[in-house]
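1. Need coordinates for the below:
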Amino acid sequence: MLSRRHIDIFTTPNAFVRRSLLLSLFPFAVLAGCADEPVDKTDSVPLTLAGKADATEWMTAKGPLRFGADAAVTGRFEARDAFFGYELDVRPGAKVTLDVTRKGSASKLDTMLYVFGPVRPDGTWQDRDVAQDDDSGYSRLSKLSGLTLAEGGRYIVVLTTYNGRGRGAYRLQADCLSGDCAPLPTGTGGACHPAIEAAIRSCYDGWMQDPDRDPQTMPSDEVMRQCADAEIVAPAWDSLCLVDSPDLSVCNTDLENFSYTQLPVCRHALVSEVLDSLCIFGSTYRESFNRTAPLVVQWQRELTAADIVELSATERLQIVKAVKQTAYNEVTTVEDCFSFVDEGVVNQSWLWDASGRRQFVVYEVGAGDNSFGAYFPVDSDVPAALINDSDVGDCAVGWGPERRWCSDKEPCADGVTCNGRDERQGSGLCLDASKDNIPGNGDSCGADTECGSGLVCAGSALGGEGLCNPAWMRGYFGTRPGMPIPDGPTGKTEVKLTVAGLATVSTDVRIDLYITHQRVSDLKITLINPSGTRGIVFDGERNGTEIHLRGEAVGGFPGDESVNGEWTLEVVDRNRNKTGTVQEVALIPTSRWD
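-> A predicted model of the protein is given here:
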């Protein structure tokens, strides 16, 4: 923690450098004898600091600056040439907004905002500011939007008034745009023995380098989860415990009990580390719509040039920046965009990140049959991630504290509870239910009535009216089993999917399904919920060699039976001599509290 009076790290090797640095903070005109006249911001004459050269004599340390509206800091400029410094600790690549907000700040205050850092190990920092702003906020207040801090560590946020003479209250708020901006943990913090941790990491590194790994069904967090297994760590455990002088921190039990009591602690720490650095949108555009958690697709539409008149100014800017990711980077207007892209179509989707309670919009276009585009916060034209040939890159949005797998031995973050546990496995997903008081929650909805930000329509999948529920109450649970379908009615294929982390009962169920078969009319496909209730998905209604369903509503479930637990897709071939395979299955259930 910095000194409450002054920030000692603001000292530099000599007085000349110190004075130059301090003067560089204020390249504005303050002419002698003109204290009451307006400042001409086009003048480049530095502010004179009454002969004071040492920044530590001017900088008042105000302590840490944390993220979120609840952690905003307030203060007051009451003296001439006041400088207030706040510590901001971040991980590498953190994307932040720093805002001197209208709420809580004096109406005529004219502020300046600077960011210095990161602080070096010797307590110094680079001699120039990383970023600065004068009037980008409300009126003459300052705001730095979408600032990416490439290096992790401690930054110093400096707030002052434009000409050094301002008076009045201020409120400074920091917001994280990249999921979790807190510094990354180092290792497992003692939660896991180094030899056990090394065995898990070795497994993880090998699997991640496997060219046959499917990132959709085995994203990196699931790879780490699978590697934290008793069979994987058994050799390391043996080397620690099957010796004359065993390591008692590990070997106070046998391997079976170790895997039940201590291994989950290792898994929790390592999986959390992966999630902290994982892009919320996945590694490809398709993954954004096919992930177990935490993205919820709220609605989608295909835009053409005819829709331009209905687009907001922000949407138009977003589309231009998305299309610029293609080779058509010379486009300047939204009209240009639709004339360049394949078939004149821009795909627009609204995504709700249930892990951080944030809404994004993604625009995807075809250019020469390749996929390009960009993701944005809904109210911003600053990209949160880019799509290049279907791959997602330059991602500044990581996982938030919610929608992470949890159990008795793998707890959630402070203030977040483990919700919707599958009774068979005991696992659920982290949830902060205190944030469910969302405007529009409980309103009616349907085919022609959409819910607002952070909400989804529950109960209207088969038509009729539904209710707007918090978006986390809808989940996506998928797999790519590649399971053969036995030829003839004496056998069947069963694909198991575990649903967890939702509310208590299902309101409606949709399914994604891809099956290849030489004669699909032979098939009867049934979905079975954890209570044993059956709903027909397909009953030979058509011919062909493929069944390809996307978001197909499945009826037959009463709406008062458990949604969390093991669901089964059952496929029966009612005739002989034709064969097939269940390629992909995903459930998209929506739930409510009973």
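
2. Is the nearest residue to Pro401 once chain neighbours are set aside in a helix, a strand, or coil?
-> Nearest non-adjacent residue to Pro401, counting by C-beta to C-beta, 6 or more residues apart in numbering: Ala413, 4.3 Å away. Backbone N, C-alpha and C define where each C-beta goes, glycine included. What DSSP: H, G, I helix; E, B strand; the rest coil gives for Ala413 is coil.

3. Wait, Ala413 touches Trp399, no?
-> No: judged on C-beta atoms under 8 Å, Ala413 makes no contact with Trp399 at a distance of 11.0 Å.

4. and these two? which has more neighbours close in?
-> Between Ala413 and Trp399, counted using other C-beta atoms under 10 Å, the more crowded position is Trp399 (24 against 15).

5. Give me the pLDDT value at the more buried one.
-> Trp399 carries a pLDDT value of 89.

6. Pro235 reaches Ile200, doesn't it?
-> No: with contacts counted by C-beta under 8 Å, Pro235 stays clear of Ile200, the gap being 11.8 Å.

7. Name the residue in those two with the higher neighbour count.
-> More neighbours surround Ile200 than the other of Pro235 and Ile200, with 26 against 11 (other C-beta under 10 Å).

8. Just the C-alpha atoms of the host helix or strand of the more buried one, please, in CSV.
-> Using DSSP states H and E, the element containing Ile200 is helix 194-208. Taking Å, rounded to 0.1, in the frame of the first residue of the first chain, the C-alpha atoms of helix 194-208 are listed here in CSV:
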residue,chain,number,x,y,z
PRO,A,194,4.3,-29.0,-6.7
ALA,A,195,4.8,-32.6,-7.9
ILE,A,196,1.1,-33.2,-8.3
GLU,A,197,0.6,-29.8,-10.0
ALA,A,198,3.5,-30.6,-12.4
ALA,A,199,1.9,-33.9,-13.4
ILE,A,200,-1.4,-32.2,-14.1
ARG,A,201,0.2,-29.4,-16.1
SER,A,202,2.2,-31.9,-18.2
CYS,A,203,-1.0,-33.7,-19.1
TYR,A,204,-2.6,-30.4,-20.0
ASP,A,205,0.3,-29.2,-22.2
GLY,A,206,0.3,-32.5,-24.1
TRP,A,207,-3.5,-32.4,-24.7
MET,A,208,-3.4,-28.8,-25.8
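
9. List the buried residues of whichever helix or strand comes after that helix.
-> Moving toward the C-terminus from helix 194-208, the next helix or strand (DSSP H and E) is helix 220-227. For helix 220-227, burial by neighbour count (16 or more other C-beta atoms under 10 Å) applies to Ser220, Asp221, Glu222, Val223, Met224, Arg225, Cys227.

10. what's the distance between Gly137 and Val382?
-> According to C-beta to C-beta, to the nearest Å, Gly137 stands 15 Å off from Val382.

11. give me every residue that touches the residue lying closest to Phe360 once chain neighbours are set aside.
-> Nearest non-adjacent residue to Phe360, counting by C-beta to C-beta, 6+ apart: Leu351, 4.8 Å away. Contacts for Leu351 (C-beta atoms under 8 Å, 6 or more residues apart in numbering) come out as Phe281, Ser288, Leu295, Val296, Val297, Gln298, Gln359, Phe360, Val361, Val362, Tyr375.

12. In helices only, show me the residues you listed.
-> Nothing among the contacts of Leu351 maps onto helices, per DSSP state H.

13. Return the backbone torsion pair for the residue nearest to Pro401.
-> Per-residue torsions, Ala413: phi -70, psi 160 (degrees, to the nearest 10).

14. low-confidence ranges in the stretch 1-150 of the chain?
-> 1-58, 121-123, 125-127 (pLDDT under 70).

15. can you give me the strands in it?
-> 59-64, 73-77, 83-90, 94-100, 111-116, 131-133, 143-149 (DSSP state E, counting those that start in this stretch).

16. before we move on, back to that, from Gly428, how far out is the residue nearest to Pro401?
-> Ala413 sits 14 Å away from Gly428, going by C-beta to C-beta.

17. same check, this time on Asn419
-> Per C-beta to C-beta, Asn419 is found 5 Å from Gly428.

18. Ok, Asn347 next?
-> Using C-beta to C-beta, we find Asn347 at a distance of 33 Å from Gly428.

19. Then Thr217?
-> Using C-beta to C-beta, Thr217 is found at 21 Å from Gly428.

20. more neighbours, those two?
-> A direct count of neighbours by other C-beta under 10 Å for Thr217 and Gly428 places Gly428 higher, at 22 against 14.

21. Who does that one form a beta bridge with?
-> Residues in a beta bridge with Gly428, per DSSP bridges, are Cys406.

22. That one touches Leu502, doesn't it?
-> No: using C-beta under 8 Å, Gly428 makes no contact with Leu502, being 9.2 Å away.

23. how about the helices of the stretch 1-150 of the chain, start to end?
-> Assigned by DSSP state H, counting those that start in this stretch, the helices in the stretch 1-150 of the chain fall at 15-24.
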